[in-house]
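Trainee: here's my sequence, what's the structure:
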Amino acid sequence: MAQEQTTRQGGGDSDESTDGASAAGQERRDKLAAETDDILDEIDDVLESNAEDFVRSYVQKGGQ
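Mentor: Here you go, the predicted structure:
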C-alpha cells in the first residue's frame, strides 16, 4: 500500500499581521491585569471591613 506524504509550509505572514496580533495580545493582557487588580482590591476591602467573619466562614465545625 503506497503512502502519500504532504508537506505543509507556513502561511508567510508578514510582520504587519504579527504586529497586529502582538498588539491585540498585549491589549488583552493589560485588560486581564486590570480586572485582576480590581478583584484583588475588592478582596482587600472585604478583609479590611470584616476579616474575622471572612476567616470564620472557612473554619469547619468540629475543628476539622
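Trainee: looking at the residue nearest to the spatial centre of the chain now. What's its pLDDT?
Mentor: Residue closest to the average C-alpha location in the chain (CA atoms, centre = their mean): L32, at 6.1 Å. At L32, the predicted lDDT confidence score is 96.
Trainee: which residues does it contact?
Mentor: Not one residue lies near L32 by CB atoms under 8 Å, 6 or more residues apart in numbering. (Each C-beta comes from the backbone N, C-alpha and C, glycine too.)
Trainee: what helix or strand does it sit in?
Mentor: Per DSSP states H and E, L32 falls inside helix 15-56.
Trainee: now that helix, how far from the centre of its chain.
Mentor: 8 Å (CA atoms, centre = their mean, to the nearest Å).
Trainee: same deal with stretch 50-59?
Mentor: 27 Å.
Trainee: let's see that stretch as CSV, backbone CA atoms only.
Mentor: Written as CSV, here are the backbone C-alpha positions of stretch 50-59 (Å, rounded to 0.1, in the frame of the first residue of the first chain):
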residue,chain,number,x,y,z
ASN,A,50,-14.8,42.1,58.3
ALA,A,51,-11.7,39.8,58.3
GLU,A,52,-12.9,37.8,61.3
ASP,A,53,-16.2,36.9,59.6
PHE,A,54,-14.3,36.0,56.4
VAL,A,55,-12.0,33.7,58.2
ARG,A,56,-14.8,32.2,60.3
SER,A,57,-16.6,31.2,57.1
TYR,A,58,-13.7,28.9,56.3
VAL,A,59,-13.4,27.3,59.7
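Trainee: what sits up against that stretch?
Mentor: Residues outside stretch 50-59 that contact it (CB under 8 Å, 6+ apart): 46-47.
Trainee: in it, what's buried?
Mentor: When burial is assessed from 16 or more other CB atoms under 10 Å, stretch 50-59 yields no buried residues.
Trainee: low-confidence regions, this structure specifically.
Mentor: Residues of the chain that meet the criterion pLDDT under 70 lie in 1-3, 9-17, 60-64.
Trainee: ok, how many other residues are close to A33?
Mentor: 10 (other CB atoms under 10 Å).
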